[in-house]
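A.B. asks: Just a sequence and a predicted model for now, questions to come.
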Amino acid sequence: MKMTTRIITVAALIAASGLALHVARAQQPGIKRTDLQRHDLSVPGREVVQVRVDFAPGVAFGKHSHPGEEIVYVLEGSLEYQVEGKPPVTLKAGEVLFIPAGTVHAAKNVGSGDGAELATYIVEKGKPLVVMVK
């Protein structure tokens, strides 16, 4: 019994440290990600996640992808999105963008003030939400 408890504890610590590393990579200077909600969907193996992402002036979030679709709603500022296979697009508060599952993209605050987006993800449950691309 003690051995099983120790194995479970060690496994949980390893998983938590991996999650912390993933979150640390996603949190970079000038970018603040605030998790708002996460819920299972009626489609097995899928969940919806909403995150507020704040960008300091001139700051970029590098190339990355998600294990599902992303719907972006710009809350404030002027953000430029570079979506693989498309020309860059600059969106202002109130404008939206759809990013297909697995598509590599990047975002940058091109305005003089703070920028923010509401990102809604419809993703595969249990996979890392953000996968950085080298």
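C.D. replies: Happy to help now that I have it. Because the structure is a prediction, the values reported are computed rather than measured.
A.B. asks: was I right about Val133 contacting Lys63?
C.D. replies: Yes - judged on C-beta atoms under 8 Å, Val133 makes contact with Lys63 at a distance of 4.1 Å. To be clear about C-beta, it is placed using only N, CA and C from the backbone, and glycine gets the same treatment.
A.B. asks: what residues are shared contacts of these two?
C.D. replies: Contact criterion C-beta atoms under 8 Å, 6 or more residues apart in numbering; residues shared by Val133 and Lys63: Val104.
A.B. asks: more neighbours, these two?
C.D. replies: Set side by side, Val133 and Lys63 show more neighbours around Lys63, with 15 against 11, by other C-beta atoms under 10 Å.
A.B. asks: tell me what the helix or strand where the more buried one lies is packed against?
C.D. replies: Here Lys63 sits within strand 60-65, counting by DSSP states H and E. Contacts defined by 3 or more C-beta pairs under 8 Å, 6 or more residues apart in numbering; DSSP states H and E place strand 60-65 against strand 105-109, strand 131-132.
A.B. asks: To what extent is the nearest residue in space to Leu97 that is not next to it in sequence buried, counted in neighbours?
C.D. replies: Leaving aside its sequence neighbours, Leu97 sits nearest to Val72 (C-beta to C-beta, 6 or more residues apart in numbering; 4.3 Å). For Val72, the tally of surrounding residues (other C-beta under 10 Å) stands at 21.
A.B. asks: can you list contacts of stretch 74-85?
C.D. replies: Here stretch 74-85 makes contact (C-beta under 8 Å, 6+ apart) with 52, 55, 63, 72, 88-97, 99, 103-111, 113-118.
A.B. asks: now those: which count as buried?
C.D. replies: 55, 72, 91, 97, 99, 103, 105-111, 114-117 (16 or more other C-beta atoms under 10 Å).
A.B. asks: quick revisit: can you tell which of the helices and strands packed on strand 60-65 is closest to Glu47?
C.D. replies: Closest to Glu47 of these is strand 131-132 (C-beta to C-beta; 16.1 Å).
A.B. asks: quick one: low-confidence parts of this protein?
C.D. replies: Low-confidence regions of the chain, defined by pLDDT under 70, span residues 1-27.
A.B. asks: Can you show me the helices along it?
C.D. replies: Under the criterion DSSP state H, the chain contains helices at 2-26.
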